[in-house]
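1. When you get a sec, could you give me coordinates for this:
(2 chains)
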Protein chains: 2
Amino acid sequence: MTDAMTENPSDLIASDRVEGTAVYNREGERLGHISNFMVDKLSGQVRYAVLSFGGILGLGQDHYPLPWSMLNYETDKGGYVVDLSRETLDSAPKHLPGERPDYTDAYGRSVFQYYGLIYPW
Amino acid sequence: MTDAMTENPSDLIASDRVEGTAVYNREGERLGHISNFMVDKLSGQVRYAVLSFGGILGLGQDHYPLPWSMLNYETDKGGYVVDLSRETLDSAPKHLPGERPDYTDAYGRSVFQYYGLIYPW
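-> The predicted structure is shown next:
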C-alpha cells in the first residue's frame, strides 16, 4: 500500500486502495489502519472513514469513525497522517466491529463535533 | 453479499460491501460485479463505480466506469440493477484492469455523456 495515492495521476483514489492503508499521527505513532469507509447511498458522498485499532489478529479491535477530511496521505510515510494524539483517540467515539452503530445524522454530527469539525450535511 | 444494503438501517453503505456486489440489468442478465469505485481525494465524493465484466478467473476482464447514480440496489436480487442493455455496454467506455486511464474531468465527462447523464462537477 505504499503507493496508495501516487500511481494515479488524477485526484481520485480507488476504494480498495483506501482500505487497509496505515494511519499515523503527527508524532509518527501508528494509530491503526483504515478498515473501510461509509458512503451515502444516494449522493455517493463519503461520510467518514473507519479507523481500526488495537486487538490481536483482528479480535477485539476498536473501530473509530473519522471524518474523511482528516485523512492526509503522505507518500513518504506510505499512509495517512492525521492530526490526532493517542489521548484524543482514547476518548473518541468508537465501537466494536460487530456493533456497528446506526449511522444517523445525529451520530455523524457527534463524531464531527468530537474532532472539532463542522458537520457539512 | 445478499444483505449488502439491508443490514444498515441508515442511508450509508460500507465501501467493502459495494465491492464485489453483482450487477444485473432490467432484463435480469448478470452484467458483472462492482470491482471497486473511485473517490475524489479532497471532497470524498464518489466519482464512479467500476463494473468488472468478462474474462476467465479475472484474466482479461474489462472494466467499465459507471456513474454511481446508475446503481440501484435491489434486495431480492442481492445486487445492483442498472438500466443498461448488453448492447449499450458493448460500446461503453472501458479499459483493461492493468490499463487504468487518467481519471481526468474530460474522461469522467465522456463517461457520463455516454450514459446520457449530466456530469455534476
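2. any low-confidence regions in chain A?
-> Counting by pLDDT under 70, chain A shows low-confidence ranges at A:1-10, A:55-60.
3. Check which helices and strands the host helix or strand of A:L51 sits against.
-> Per DSSP states H and E: A:L51 is located in strand A:46-53. Counting contacts by 3 or more Cβ pairs under 8 Å, 6 or more residues apart in numbering or on different chains; DSSP states H and E, strand A:46-53 packs against strand A:30-40, strand A:62-66, helix A:105-114. For every residue, glycine as well, the C-beta is placed using N, CA and C.
4. do you know which of these lies nearest chain B?
-> Nearest of the helices and strands packed on strand A:46-53 to chain B, taken as Cβ to the nearest Cβ: strand A:30-40 at 4.3 Å.
5. Check the offset of the closest one from the chain's centre.
-> Averaging C-alpha positions (Cα atoms, centre = their mean, to the nearest Å) puts strand A:30-40 4 Å from its chain's average.
6. contacting residues for the residue nearest the centre of chain A?
-> In chain A, the centroid-proximal residue (Cα atoms, centre = their mean) is A:A49; its distance is 3.6 Å. The contact partners of A:A49, taken as Cβ atoms under 8 Å, 6 or more residues apart in numbering or on different chains, are A:V18, A:I34, A:N36, A:F37, A:M38, A:P65, A:L66, A:P67, A:W68, A:L71.
7. hmm, 6 Å instead?
-> A:A49 makes contacts with A:I34, A:F37, A:L66, A:W68, as judged by Cβ atoms under 6 Å, 6 or more residues apart in numbering or on different chains.
8. Let me see the contact set for the first one.
-> Residues counted as contacts of A:I34 (Cβ under 6 Å, 6+ apart) are A:V18, A:T21, A:A49.
9. try 10 Å this time
-> A:1, A:4, A:17-23, A:49-52, A:66, A:71, A:79-80, B:15 (Cβ atoms under 10 Å, 6 or more residues apart in numbering or on different chains).
10. Also A:F53?
-> A:23, A:30-33, A:35, A:61-64, A:86, A:89, A:92, A:94.
11. Go again with 7 Å.
-> Shown in contact with A:F53 (Cβ atoms under 7 Å, 6 or more residues apart in numbering or on different chains): A:L31, A:G32, A:Q61, A:D62, A:Y64.
12. what about the first one, neighbour count?
-> A count of neighbours around A:L31, defined by other Cβ atoms under 10 Å in any protein chain shown, yields 23.
13. for it, what are its contacts?
-> By Cβ under 7 Å, 6+ apart, the contact set of A:L31 is A:V23, A:Y24, A:N25, A:L51, A:F53, A:L84, A:L89.
14. Give me the neighbour count for the residue nearest to A:E19 when sequence neighbours are not counted.
-> Of all residues not flanking A:E19 in the chain, A:N36 sits nearest, at 5.4 Å (Cβ to Cβ, 6 or more residues apart in numbering or on different chains). The local packing of A:N36 (other Cβ under 10 Å) involves 21 other residues.
15. can you pull up the bridge partners for A:N36?
-> A:V50 (DSSP bridges).
16. how close does it sit to B:I34?
-> According to Cβ to Cβ, to the nearest Å, A:N36 stands 14 Å off from B:I34.
17. what residues does stretch A:82-90 touch?
-> A:V23, A:N25, A:R26, A:E29, A:L31, A:Y64, A:L66, A:M70, A:L71.
18. which among those residues end up buried?
-> Applying 16 or more other Cβ atoms under 10 Å in any protein chain shown to the contacts of stretch A:82-90, the neighbour count classes A:V23, A:N25, A:L31, A:Y64, A:L66, A:M70, A:L71 as buried.
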